[in-house]
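Undergrad: below: sequence and its predicted model.
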Number of protein chains: 2
Amino acid sequence: MRILNWQQIEAAINLPMMAEAVEEAYRLASAGKVTLPPVGHIAFPALSADCHIKYGHIEGQDNFVIKVATGFPNNAQRNEPTGNGVVLVLSALTGEVRACLQDEMLLTDVRTGLGGAIATRLLARRDAQTCLLLGTGSQLRWQIEAHRQLVPQIKRFIVWGRNAERADQAIKTLSYSDDVERTENLQHAVQQADIIITATGATQPLIDSDWVKPGTQITAIGADAPGKQELDTELVARADCVVVDRVAQCVDHGEVSHAVKSKRLDPSRLLEMGAVLESPTLGRKDDQQITVADLTGIAAQDIAIANAVLHIVKA
Amino acid sequence: MRILNWQQIEAAINLPMMAEAVEEAYRLASAGKVTLPPVGHIAFPALSADCHIKYGHIEGQDNFVIKVATGFPNNAQRNEPTGNGVVLVLSALTGEVRACLQDEMLLTDVRTGLGGAIATRLLARRDAQTCLLLGTGSQLRWQIEAHRQLVPQIKRFIVWGRNAERADQAIKTLSYSDDVERTENLQHAVQQADIIITATGATQPLIDSDWVKPGTQITAIGADAPGKQELDTELVARADCVVVDRVAQCVDHGEVSHAVKSKRLDPSRLLEMGAVLESPTLGRKDDQQITVADLTGIAAQDIAIANAVLHIVKA
């Protein structure tokens, strides 16, 4: 068994190569070629904490993957990370444990960043240059890095966070930030943006439908659990094209769930990322359309990226 | 995260200390104080292979445990182990991954051996001296070692295996074997035995009820999946006391399932190990009774033993 720590995993990150693996995972997931058993879950109610075990196998791949992720919110009181976990990669041919990736959530961050950039590359206008990013968590770095590599026509990133100071600090941690600016005027930034990515923990809509100009591509990645919402329900209902990573998951608790539950959006209109990657003409039809992607995160991404790490380090 | 390999884990094995932890786990499991979510499972049908993920938390303990175990029968064709896996120990207070135990199934073997010896100590006659062991797999070693430590009044171990040569080889691998002999006459050995442990992969009864003398304690550990059977259904039906590690599991696929399904045994008669450990008078009443224990293996044992390893190495 190979053990890789955070530093070794970070050194192995190759966004273009990993993007290919994640795109393939989206395609195979939508084609029903990924075995994804129900997510395992154990709760620690006294601490409002829990542990999820996501695992699965992409048909034809030599490895399968088990991702263990814990969430212990009280750790924040001691200034320690609330999320922990490891990713195990096992041979689908012999059952041997090939690697234990002590990624400290890094691979989840990377695959989430790549998911956002893949959605932008697939759905944004060809001439899109301005990307607005809401949220100052770890996705600030990974959305920007993934977009720089996958969507190089972007000239400018605008960052908005509810806490201006935290937004400034987050921008400072970027290795390069000449193309990044911060705004406090969200409405104005939305009006300017060609691409909007929401990566917050919001439980109330942050973006009003009226602010959004025709031709905008919006990707919402914050709604990863019930009760979260970042976009005006009207915006989702009004969008010309709504793409999700997994229909069942997004209808249950994703950004689109609010529009579906209030009958503003017919779930039959939802397209899966994998299907649109396979047939891009299913996506944006012209430069005036508003497109929305709702990414709740799927285990196929985790499998793909863990496999990619092993491939890169030739473990 | 501490990583312990097979050698380090073997060096940490302390059977009496681990037996205490496993007994406590049985007691707490029967008292409903172990959180045991449904076992995760992913299959690789083309190889008749699969992977189980067992996990849980014993109330009040600082750690919880995730055990990953794979079974790839085709590995045997290359003379490689068919079972692989790791055990993860995580903090139930912070979610941190405290240890990854690369035990290569060693801890499963040890907890299974301990389960057998705990059942014998609990249910056998005080003057029981002869222990018959059926099967020549890894349990040969661990049942004998655990019985030597927990049931020191045993003077003689008799081993029977369908394949005599394999039985001899298995006995040769023991570090000490002066008290171990091999038999080819199973009926005669059963008639002599005070304690019988069946640890085979049999799918047809090996032991006829008529062979078993009054006062015998029989522990069946081979029936860990549907379709397996080691004891005559009549023997289970006739037993004065039938103890199981977990009622739901044993009624589903354990040794007792055959007697229950054929209505020869009323499941209300089944007693759980934890309950009998708590109140030993529930078990054997006199030296003439026949007692049967059906041990299918429960995740609480895995949690207890992994925690014990960490306690012993002070990780």
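TA: Arrived safely, thanks for sending.

Undergrad: give the contact list for A:Glu80.
TA: B:Thr94 (C-beta atoms under 8 Å, 6 or more residues apart in numbering or on different chains). Using the backbone N, CA and C atoms, a C-beta is placed for each residue, glycine as well.

Undergrad: report pLDDT for it.
TA: The predicted local confidence for A:Glu80 comes out at a pLDDT of 95.

Undergrad: residue numbers of chain A in contact with chain B?
TA: By C-beta under 8 Å from any C-beta of the partner chain, the part of chain A that sits against chain B consists of A:1, A:3, A:35, A:37-38, A:40-44, A:47, A:49, A:51, A:53, A:55-57, A:64, A:66, A:68, A:70-72, A:75, A:80, A:82-86, A:88, A:90, A:92-97, A:100, A:102.

Undergrad: show the model's pLDDT score for the residue in the stretch 101-250 of chain A that chain B sits nearest to.
TA: Across the stretch 101-250 of chain A, the shortest distance to chain B (C-beta to the nearest C-beta) belongs to A:Gln102, at 5.8 Å. We have a pLDDT of 95 for A:Gln102.

Undergrad: how about it: what's its closest non-neighbour residue?
TA: Using C-beta to C-beta, 6 or more residues apart in numbering or on different chains and skipping residues adjacent in sequence, the residue nearest A:Gln102 is A:Asn5, 5.0 Å away.

Undergrad: same thing with A:Glu96?
TA: Here the nearest residue to A:Glu96 in space, its sequence neighbours aside, is B:Asn84; by C-beta to C-beta, 6+ apart that works out to 5.0 Å.

Undergrad: give me the beta-bridge partners of the one you found?
TA: In this structure, B:Asn84 bridges to B:Thr70 when assessed by DSSP bridges.

Undergrad: and the gap between it and B:Thr108?
TA: Applying C-beta to C-beta, to the nearest Å, one obtains 11 Å for the distance of B:Asn84 from B:Thr108.

Undergrad: since we're on A:Lys155, how many residues are nearby?
TA: 11 (other C-beta atoms under 10 Å in any protein chain shown).

Undergrad: need the contact list for it.
TA: Taking C-beta under 8 Å, 6+ apart as the definition of contact, the neighbours of A:Lys155 are A:Gln129, A:Thr130, A:Asp179.

Undergrad: can you check A:Gly56 too?
TA: Applying C-beta under 8 Å, 6+ apart as the definition, the contact partners of A:Gly56 turn out to be A:Val34, A:Thr35, A:Leu36, A:Pro37, A:Phe64, A:Val65, A:Ala299, A:Ala300, A:Ile303, B:Ile42.

Undergrad: how about A:Ala128?
TA: With contact set as C-beta under 8 Å, 6+ apart, A:Ala128 has these partners: A:Thr120, A:Val151, A:Gln153, A:Ile154, A:Asp194, A:Ile195, A:Gln217.

Undergrad: ok, and the most crowded of the contacts of A:Lys155?
TA: Using other C-beta under 10 Å as the neighbour criterion, A:Thr130 leads these with 16 neighbours.

Undergrad: where does that residue fall, phi/psi-wise?
TA: The main-chain torsion angles of A:Thr130 are listed as degrees, to the nearest 10 and equal phi -110, psi 120.

Undergrad: that one contacts A:His147, correct?
TA: No - contact status for A:Thr130 versus A:His147: not in contact, 11.4 Å apart, counting by C-beta atoms under 8 Å.
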